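A.B. asks: would you be able to build a 3D model of this:
(2 chains)
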Amino acid sequence: GENVEQHPSTLSVQEGDSAVIKCTYSDSASNYFPWYKQELGKRPQLIIDIRSNVGEKKDQRIAVTLNKTAKHFSLHITETQPEDSAVYFCAAGAGSYQLTFGKGTKLSVIP
Amino acid sequence: GAVVSQHPSRVICKSGTSVKIECRSLDFQATTMFWYRQFPKQSLMLMATSNEGSKATYEQGVEKDKFLINHASLTLSTLTVTSAHPEDSSFYICSAILAGGRGTQYFGPGTRLTVL
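C.D. replies: Numbering: from 1, shown residues only, chains lettered A, B, ... in the order given. The predicted structure follows:
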């Protein structure tokens, strides 16, 4: 089955700086890579996703890059704000839309 | 759009009792729903995939007789934890996929189960 590794597990950045979270996956059949943001005690919220037919996708301050050859994808958050503080999960999936999640990255944005 | 609700939001029960958790897609039809379990400060672990009108598919290591899943309609899936024990205490989250959509999973708010 799929195995998703996510790094780092914790990340602290100064407000206004950029944050990068990286994930690797093992199953070459995976073709869908969403990123979720989860605040404490709340549901995961989809923030951006990318499919294997593109290498990069951007939505305002958030971008995701995908390298299918190397089987890794990354989340980039620019101009971080305190409200970006949360746990971020990457995931990989294919076909039946089942997702395998990474272990999460706790992002802290220091004002 | 694409709102998923769960009920109850939290439940406390005695060991040995059964607890039912409901997952509803409020404004869309969901052919597929997923049930996850999340321990504190850990990731989402898929328990089972629930397809409307058919038996659920359970992940390895998940006891199908303990975690009963029913997906009787396109907007409702239920998870029943039977004969609950303290080790079943966890945060249970469902998600749903929009029928005919791109495969995006929309998550419910979760149910905090505490078994005494």
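A.B. asks: show me what the helix or strand of chain A with the lowest mean pLDDT is packed up against.
C.D. replies: Using mean pLDDT, DSSP states H and E, strand A:98-101 stands out as the lowest-scoring helix or strand of chain A, at a mean of 89. Here strand A:98-101 touches strand A:32-38, strand A:86-94, strand B:44-51, going by 3 or more Cβ pairs under 8 Å, 6 or more residues apart in numbering or on different chains; DSSP states H and E. For every residue, glycine as well, the C-beta is placed using N, CA and C.
A.B. asks: and the ones you listed as a markdown table, adding mean pLDDT?
C.D. replies: Formatted as a markdown table, the helices and strands packed on strand A:98-101 follow (pLDDT from 0 to 100):
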| stretch | mean pLDDT |
| --- | --- |
| strand A:32-38 | 95 |
| strand A:86-94 | 94 |
| strand B:44-51 | 92 |
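A.B. asks: which one of the ones you listed lies closest to residue A:4?
C.D. replies: strand A:86-94 (5.2 Å; Cβ to Cβ).
A.B. asks: so what pLDDT did residue 5 get?
C.D. replies: All of this refers to chain A. What the model reports for residue A:5 is a pLDDT of 96.
A.B. asks: can you look at chain B instead?
C.D. replies: The model reports residue B:5 with a pLDDT of 96.
A.B. asks: does it touch residue B:26 like I think?
C.D. replies: Yes - if you go by Cβ atoms under 8 Å, residue B:5 and residue B:26 touch, sitting 5.7 Å apart.
A.B. asks: ok, residue B:41 - contacts?
C.D. replies: The contact partners of residue B:41, by Cβ atoms under 8 Å, 6 or more residues apart in numbering or on different chains, come to residue A:104.
A.B. asks: wait, is it part of a helix?
C.D. replies: No - counting by DSSP: H, G, I helix; E, B strand; the rest coil, residue B:41 is not found in a helix; it is coil.
A.B. asks: that older thread, need the helices and strands packed on strand A:98-101 in JSON lines with mean neighbour count, can you?
C.D. replies: What follows is those, written out as JSON lines (neighbours: other Cβ atoms under 10 Å in any protein chain shown):
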{"stretch": "strand A:32-38", "mean neighbour count": "23"}
{"stretch": "strand A:86-94", "mean neighbour count": "24"}
{"stretch": "strand B:44-51", "mean neighbour count": "21"}
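A.B. asks: redo these as JSON lines? Include distance to residue A:105.
C.D. replies: Shown next, in JSON lines, are the helices and strands packed on strand A:98-101 (distance: least, Cβ to Cβ, whole Å):
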{"stretch": "strand A:32-38", "distance to residue A:105": "10"}
{"stretch": "strand A:86-94", "distance to residue A:105": "5"}
{"stretch": "strand B:44-51", "distance to residue A:105": "14"}
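A.B. asks: closest to residue B:38 out of those strands?
C.D. replies: So among these, strand B:44-51 is nearest, using Cβ to Cβ, at 5.3 Å.
A.B. asks: contacts for that closest one?
C.D. replies: For strand B:44-51, contacts defined as Cβ under 8 Å, 6+ apart pick out A:44, A:89, A:96, A:98-101, B:31-39, B:56-59, B:62, B:64, B:67, B:69-71, B:77, B:79, B:93.
A.B. asks: repeat for stretch B:79-93
C.D. replies: Here stretch B:79-93 has contacts from A:43-44, B:6, B:13, B:15-21, B:23, B:35-40, B:44, B:47, B:65-70, B:94, B:107-116, using Cβ under 8 Å, 6+ apart.
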